[in-house]
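Q: Build the 3D model from these lines:
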Amino acid sequence: MERYSPHATARRRTMVLAAAGIFVGAAILNLVEAMIPGGPPLSVLPGIGALCLAILVWAFAGRLPDAALFCLGPAGATLIAVAVATTDGPGDGAILYIGAVLWQAYFFGRRGAIAIVVWIALVHGLALLYLPAGDAYFDRWLDVVASATLVAFVVEFLATRNRKLVEQLVDEARVDKLTGLLNRRGFLERADAEVARAQRETTWLGVASFDLDHFKAINDDFGHEIGDRFLARVADLLRAEMRESDVLARMGGEEFVALLPGQGVEEATAVAERVRKRLQDADDPEQPSVTVSAGVVSVVAPENLDDVLRAADDALYEAKFSGRNRTITRMPEGKSAAAA
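A: Residues are numbered from 1 along each chain as shown. Take a look at the predicted model:
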């Protein structure tokens, strides 16, 4: 049985609702036109077929594979072609192809747009061949195919652009604008995956929490603009000390955290100490000087992320209250050790 993420499940639900709505609308239109006097005679079979498809789509929504969903657009176009072929006179039923084009191009992108245009070209051509010679002419086929092509690729272009903008906004919601590091939300999402991996592979997972000492004084003495520049500089320093596999974030204010997959207590403490000493020894006359306190913990296959972060924060607070500018390591059994 296929499994889907909550986002994919919501998207499939939207696809099904839209498809069922289009089929129901087409069915109602077909049946109403059949009852209105004065128009060309037409068959109600396509409308009944569309209504049956709507019911089936709705009834089996959660069990339809992707291939079946992909076929809904061509299925709808086929019913419209049948309606065109069974209507005396030129008629205007071909406009309903647009519903299939919109649905297929929006939900299946370029692949869907190409598929539905090719399919409409085929079935509409067959429908016209079925009609009397006076009602079937090349311009009638060309108008429909050209219009379907234009609509399909405009919809595909706009849908792709919209998806990219949404992805960009989602990414930006996970990143701290000032430092370019992950923010709390982005960190927690990445960290959950690393915890699951550590559990699965029974490996170490280290956490180092950092908090700049007396940072408020920098904002008070030099202004927030200088304070922001300093935070960006600290972020660059942290990046330089991390591996690509490490997860680094600004959790808020002057607090940073690094998740260190595969790093035991000694390795994680060494990382925190390198950061602390680089800040302590920094000699930049254009920047204010500041130190950092750090709390470190490392656990094999941690049960959950909250406990690990809480232990790192406890170690950090201990470093703060015991004099600052030091690293406190919280051992797995609850003991602590200081480095300064």
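
Q: alpha carbons only for contacts and neighbour counts from here, please
A: Noted.

Q: Around residue 197, how many other residues sit close by?
A: Number of residues near residue 197 (other Cα atoms under 10 Å) recorded here: 16.

Q: and residue 206, backbone torsions?
A: When read as degrees, to the nearest 10, the backbone of residue 206 gives phi -100, psi 150.

Q: Based on its surroundings, how many neighbours for residue 179?
A: Neighbours of residue 179 (other Cα under 10 Å): 19.

Q: for residue 82, that is, sorry about that
A: Neighbourhood size, residue 82 [other Cα under 10 Å]: 20.

Q: Would you check that it makes contact with residue 127?
A: Yes: with contacts counted by Cα atoms under 8 Å, residue 82 reaches residue 127, the gap being 6.6 Å.

Q: Which residues are in contact with each of the two?
A: Listed contacts common to residue 82 and residue 127 are nil; contacts here mean Cα atoms under 8 Å, 6 or more residues apart in numbering.

Q: quick one, what contacts residue 323?
A: Not one residue lies near residue 323 by Cα under 8 Å, 6+ apart.

Q: now do residue 107
A: Applying Cα under 8 Å, 6+ apart, we find residue 107 in contact with residue 15.

Q: Look up which helix or strand it falls in, please.
A: Per DSSP states H and E: residue 107 is located in helix 97-130.

Q: What residues of that helix count as buried?
A: Across helix 97-130, burial judged by 16 or more other Cα atoms under 10 Å covers 97-110, 112-117, 119-121, 123-125, 127-128.

Q: Report the distance from that helix to the chain centre.
A: 28 Å (Cα atoms, centre = their mean, to the nearest Å).

Q: So for that helix, mean pLDDT?
A: Helix 97-130 shows a mean pLDDT of 93.

Q: Check stretch 224-233 too.
A: Averaging pLDDT along stretch 224-233 gives 89.

Q: ok now that stretch, how far from the chain's centre?
A: Centroid separation for stretch 224-233 versus its chain: 31 Å, with Cα atoms, centre = their mean.

Q: Just the buried positions in that stretch, please.
A: 226, 227, 228, 230, 231, 232.

Q: now for those, which pair is the farthest apart?
A: By the measure Cα to Cα, 226 and 232 form the most distant pair in the buried residues of stretch 224-233, at 9.9 Å.

Q: ranges for the strands of this protein?
A: Ranges of strands in the chain, per DSSP state E, are 204-212, 247-252, 255-261, 292-300, 327-330, 336-339.

Q: Please name whichever of these is nearest to residue 46.
A: Closest to residue 46 of the strands of the chain, according to Cα to Cα: strand 247-252, at 56.8 Å.

Q: Which neighbouring elements make contact with the closest one?
A: Judged by 3 or more Cα pairs under 8 Å, 6 or more residues apart in numbering; DSSP states H and E, strand 247-252 is in contact with helix 184-201, strand 255-261.

Q: what inclination does that strand have with respect to strand 204-212?
A: Interaxial angle, strand 247-252 versus strand 204-212 (axes from the mean of the first three to the mean of the last three Cα atoms, to 10 degrees): 40 degrees.

Q: picking that back up, quick one, which of the strands of the chain gets closest to residue 194.
A: Residue 194 lies closest to strand 255-261 among the strands of the chain, at 6.9 Å (Cα to Cα).

Q: mind saving the C-alpha coords of the closest one as PDB?
A: Output in PDB follows, covering the C-alpha atoms of strand 255-261 (Å, rounded to 0.1, in the frame of the first residue of the first chain):
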ATOM      1  CA  GLU A 255      22.000  31.800  21.400                       C
ATOM      2  CA  PHE A 256      23.300  29.300  18.900                       C
ATOM      3  CA  VAL A 257      23.100  25.500  18.800                       C
ATOM      4  CA  ALA A 258      25.000  22.800  16.800                       C
ATOM      5  CA  LEU A 259      23.900  19.300  16.300                       C
ATOM      6  CA  LEU A 260      26.900  17.000  15.800                       C
ATOM      7  CA  PRO A 261      25.900  13.600  14.400                       C
END
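
Q: For it, what does the pLDDT average out to?
A: On average, strand 255-261 scores 95.

Q: So what touches that strand?
A: With Cα under 8 Å, 6+ apart as the test, strand 255-261 has contacts from 191, 194, 198, 203-212, 245-251, 268.

Q: okay but residue 210 is in contact with residue 316, surely?
A: Yes: assessed by Cα under 8 Å, residue 210 is found in contact with residue 316 at 7.1 Å.

Q: Need the overlap of contacts for these two.
A: 293, 294, 295.

Q: my read: residue 47 touches residue 27, true?
A: Yes: using Cα under 8 Å, residue 47 is in contact with residue 27, at 3.9 Å.

Q: Contacts only, for residue 303.
A: Counting by Cα under 8 Å, 6+ apart, residue 303 has contacts 195, 199.
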